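A.B. asks: I'd like to go over a predicted model; first the sequence, then the structure.
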Amino acid sequence: MVGKLTSQTRRHVLVTGPSGAGRTTAIRILEDFGHEAIDNLPLSLLPGLVKGSKPEKPMALGIDPRNRDFSTSGMIETIDELGSALQVLYMDCSADVLIRRFSETRRRHPLAPVERPYAGIQRELELLAPVRELADILVDTSELSPNDLRGELEWWFVSTAKGLLAVSAHSFSYKRGLPKGLDIVLDCRFLKNPHWNDELQELDGRNPRVMEYVKSDRYFDRFICKVMELAGLLLPAYQESGKSYLAIGLGCTGGRHRSVAIAEILAKALEEEGWPVSIRHRELESREKAVPESAAPGNPGFSRKEH
């Protein structure tokens, strides 16, 4: 059972993003979490609604370029005007996935009713690009199922309701680029690589044998000590400044061994310090969706972990 949230514990949430990225689904999920949901809200009504009412619970407010009075500049000005009263949740998605979703559902794109969906998708992404840069929370749904999305939003909006700065640790491969929305990035490629050990190559960084191998590197102890020292300085400072979320990226060459192990170790250490922590292993999640569970030797099923 998800605990009921109050206006004292959560800010109002502006939910936006391109059509097909999951905005409506996100609003419904937030409604389940205790928000009052209002979708397709005209932009001109947003300031009065946020400033003029004192609802018993926070609102989840959906706005996108389909609204009759939408403009990029107007939305940016409104977000700036409302400041800390509003939290911006941007539902992101890659263009190719959006095209596939519209193709599968055979829906017309709202910004291209007589054209191919691609034209509307491109227009909408261009309109929303400046808004995306202002987002407090960015959720990329390109590889998320509805259940994955619920878990993601539950972590952001429920697990952090106690008021602590929420930390997320993301492992990734530099070959595929940096995940979106990271605040801090740590390069783990200087550590010795389990990939070149025949006994460890097919395992991943969650496996105790791989983790011990990474820990045996002569630089590991000093590295993790310095990272925790930095976290001890930055996390309280960010929380004091009003920041609600901090995403830390851990990268290595393949995103399966060193970065995964360090993400797990760092998350456990931060959890022991009392911080709410979530872990996301981008490359492992992609691999596990493509490979049957029985074909992944030595690895437990895993997508998101909450402490």
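C.D. replies: Noted; the coordinates are in hand.

A.B. asks: Report the buried residues of stretch 218-232.
C.D. replies: Using 16 or more other Cβ atoms under 10 Å as the test for burial, stretch 218-232 gives Phe220, Val227, Ala231. (C-beta placed from N, C-alpha, C; glycine too.)

A.B. asks: would JSON lines of those with secondary structure be doable?
C.D. replies: Shown next, in JSON lines, are the buried residues of stretch 218-232 (DSSP: H, G, I helix; E, B strand; the rest coil):
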{"residue": "Phe220", "secondary structure": "helix"}
{"residue": "Val227", "secondary structure": "helix"}
{"residue": "Ala231", "secondary structure": "helix"}
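
A.B. asks: Now flag whichever of these is closest to Arg176.
C.D. replies: Val227 (22.8 Å; Cβ to Cβ).

A.B. asks: how distant is whichever helix or strand Glu104 is part of from the center of its chain?
C.D. replies: Using DSSP states H and E, Glu104 sits in helix 95-105. Relative to the centre of its chain, helix 95-105 is centred 21 Å away, using Cα atoms, centre = their mean, to the nearest Å.

A.B. asks: Give me the residues contacting that helix.
C.D. replies: Contact with helix 95-105 is made by 18-21, 93, 109, 117-118, 121-122, 125, 141-142, as judged by Cβ atoms under 8 Å, 6 or more residues apart in numbering.

A.B. asks: cool, and stretch 109-128?
C.D. replies: Surrounding stretch 109-128, the residues in contact under the criterion Cβ under 8 Å, 6+ apart are 16-20, 64-66, 70, 72, 90, 95, 98-99, 102-103, 107-108.

A.B. asks: Give me the subset of those residues lying in strands.
C.D. replies: Assigned to strands by DSSP state E, the following of the contacts of stretch 109-128 qualify: Thr16, Tyr90.

A.B. asks: element containing the closest residue to Leu165 other than its chain neighbours, please.
C.D. replies: Sequence neighbours aside, Gln239 is the residue nearest to Leu165 in space, at 3.9 Å (criterion: Cβ to Cβ, 6 or more residues apart in numbering). In this structure, Gln239 is located in helix 220-240 according to DSSP H and E.
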